[in-house]
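[1] Sharing a model that was predicted from the sequence below.
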Amino acid sequence: MISFDYISAADVESALRAASTPSSKFIAGGTTLIDLMKLDVERPTTVVDVTTLARRDASLAAVSELPGGGLRLGALAHMSDVAWDPRVRDRYPLVSQSLLLAASGQLRNMATMGGNILQRTRCSYFRDTATPCNKRDPGSGCSAIGGFNRTHAILGTSEHCIATHPSDLAVALAALDTTVQVRGTAPRSIPFADFHLLPGAHPEVETTLRPGELITSIDLPAVSFAKRSLYLKVRDRASYAFALAAAAVAVDLQGGAIRGARVALGGVGTKPWRSHEAEAVLVGKRATEATFRAAANAALAGARPHKDNAFKVELAKRTLVRALTEVSA
Ligand SMILES: Cc1cc2nc3c(=O)[nH]c(=O)nc-3n(C[C@H](O)[C@H](O)[C@H](O)COP(=O)(O)OP(=O)(O)OC[C@H]3O[C@@H](n4cnc5c(N)ncnc54)[C@H](O)[C@@H]3O)c2cc1C
Ligand code: SF4
């Protein structure tokens, strides 16, 4: 770990000023940034602590109502507080479930909404500075493509990177057409679909967040049928493990027919993977296993497995079929 300056920000403006220096980083719960600094993967020279901002502006760490029936999740709200908020549990069960199925109780008590969607891949080569990795060291190569790639992505990959996006929460947010509110030189809103980037030729650029921009909240829009939603996560261990495959689904069901659907996949994409293809198959059909299987085939039609992860194609299909079956019951 290199030496760095630590700044505790008193308000948003001073946080933005402090983070405007090159190679500075915000720190919230620190549950992933500190790990990566210890591994020498992240090397910020200034670390700006934003946990103190909520003393000035409590909404940054709170869940609050939005006009029109949505909910605003403060970027500094802890994963556990959002997961157990009665409004989130009642109106957006998939968000609550995605949080409770992530990490451990202790981590969820420290980790924040903003930090969660900005966490970096768990690709073991990315975390090992002795191996080539285009994401960590652009142009050095991708050790995973010819290496051990059992946990890697099958959707959205490029010849430069096949790393999976690790966040559970982000998959639920992708299904809901969420918006990320940020503050920089000017406030702006980023539709969640545009927030994370595919690796393409530049896997080191992971989001459309500009250097020094602070996430202030994640806004959940009112989705009339989000009450009928589910996040299903399949992993090697029943707890404390990242997804091998996951599905975030919501359905608008009227008399056995599907009038609206939201589908996103986790554990298989280089970014949280919204599947408009699966949604198009579902809408207007009867909620049957055959319909769900057709939707799953559509969602995985573009899958490109590598040596060790072909099993994920069928696993993701079965995960989606099970999630749709459970949510439609
Ligand atoms: C052992 C372990 C298991 C885990 N398992 C899972 C799992 O199963 N599923 C899952 O989804 N996650 C899992 N995680 C990841 C965990 O959820 C993240 O570490 C956590 O959500 C990050 O939040 P944080 O507040 O601690 O972020 P930090 O570590 O403080 O920051 C992470 C990144 O976000 C930036 N950042 C933070 N807040 C802001 C902001 N408001 N604006 C702009 N930039 C910001 C920081 O600069 C940094 O780059 C696991 C982590 C560990 C250590
Ligand atoms: S998959 Fe991506 S993160 Fe992993 S080694 Fe290749 S370039 Fe690096």
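    Sure, I can see it. Residues are numbered from 1 along each chain as shown. Ligands and ions are numbered 1, 2, ... in the order given.

[2] neighbours of Ile291, just the number please.
    Quick fix: residue 291 is Thr, not Ile. A count of neighbours around Thr291, defined by other Cβ atoms under 10 Å, yields 19. To be clear about C-beta, it is placed using only N, CA and C from the backbone, and glycine gets the same treatment.

[3] how much space is there between the residue lying closest to Gly184 once chain neighbours are set aside and Glu42?
    Nearest non-adjacent residue to Gly184, counting by Cβ to Cβ, 6 or more residues apart in numbering: Glu213, 3.8 Å away. Separation of Glu213 from Glu42 (Cβ to Cβ, to the nearest Å): 17 Å.

[4] returning to that earlier point: what's the neighbour count on the residue nearest to Gly184?
    Counted with other Cβ under 10 Å, Glu213 comes out at 21.

[5] likewise Ser64?
    Applying other Cβ under 10 Å, I find that Ser64 has 13 neighbouring residues.

[6] residue closest to the middle of this protein?
    Centroid-nearest residue in the chain: Ala170, 2.4 Å away (criterion: Cα atoms, centre = their mean).

[7] who are the neighbours in contact with Phe292?
    282, 320-321, 324-325 (Cβ atoms under 8 Å, 6 or more residues apart in numbering).

[8] Please apply the same query to Ser3.
    Contacts of Ser3 (Cβ under 8 Å, 6+ apart): none.

[9] go on, Met113?
    For Met113, counting by Cβ under 8 Å, 6+ apart, the contacting residues are 73-77, 79, 82, 169, 215, 217-218.

[10] go again using 6 Å as the cut-off
    73, 75, 77, 218 (Cβ atoms under 6 Å, 6 or more residues apart in numbering).

[11] List phi and psi for it.
    phi -60, psi -50 (degrees, to the nearest 10).

[12] go on, Val88?
    phi -70, psi -40.

[13] One more: the one 3 residues further on?
    Dihedral angles phi and psi of Arg91 (degrees, to the nearest 10) take the values phi -90, psi -20.

[14] number of nearby residues for it?
    19.

[15] what's the answer for the one 4 residues further on, then?
    In terms of burial, Val95 registers 30 neighbours under the definition other Cβ under 10 Å.

[16] Over to Gly105?
    Neighbours of Gly105 (other Cβ under 10 Å): 11.

[17] From Asp308, how far off is the nearest residue to it once chain neighbours are set aside?
    Nearest residue to Gly105, sequence neighbours excluded (Cβ to Cβ, 6+ apart): Ser80, at 7.1 Å. Distance of Ser80 to Asp308, given as Cβ to Cβ: 34 Å.

[18] Tell me which of those two has more neighbours.
    Ser80 (18 against 14).

[19] Double-check that that one belongs to a strand.
    No - the assignment for Ser80, made by DSSP: H, G, I helix; E, B strand; the rest coil, is helix rather than a strand.

[20] Now that it has come up, it's in contact with Asn109, right?
    Yes - applying Cβ atoms under 6 Å, one finds Ser80 in contact with Asn109, separated by 5.0 Å.

[21] returning to that earlier point: adding pLDDT, secondary structure and distance to Ile145, write the contacts of Phe292 out as CSV.
    Below are those laid out as CSV (pLDDT from 0 to 100; DSSP: H, G, I helix; E, B strand; the rest coil; distance: Cβ to Cβ, whole Å):
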residue, pLDDT, secondary structure, distance to Ile145
Leu282, 98, helix, 34
Leu320, 98, helix, 26
Val321, 98, helix, 30
Leu324, 98, helix, 32
Thr325, 98, helix, 35
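
[22] which one of the residues you listed is nearest ligand 1?
    Among these, Leu320 lies closest to ligand 1 (Cβ to the nearest ligand atom), at 18.7 Å.

[23] ranges for the strands of the stretch 201-329 of the chain?
    Counting by DSSP state E, counting those that start in this stretch, the stretch 201-329 of the chain has strands at residues 214-220, 229-234, 245-254, 257-266, 273-274.

[24] phi, psi of whichever residue of the stretch 51-200 of the chain sits closest to ligand 1?
    Closest contact between the stretch 51-200 of the chain and ligand 1, by Cβ to the nearest ligand atom, is at Gly115 (2.1 Å). Gly115 adopts backbone torsions of phi -60, psi -40, taken as degrees, to the nearest 10.

[25] Noted, bye for now.
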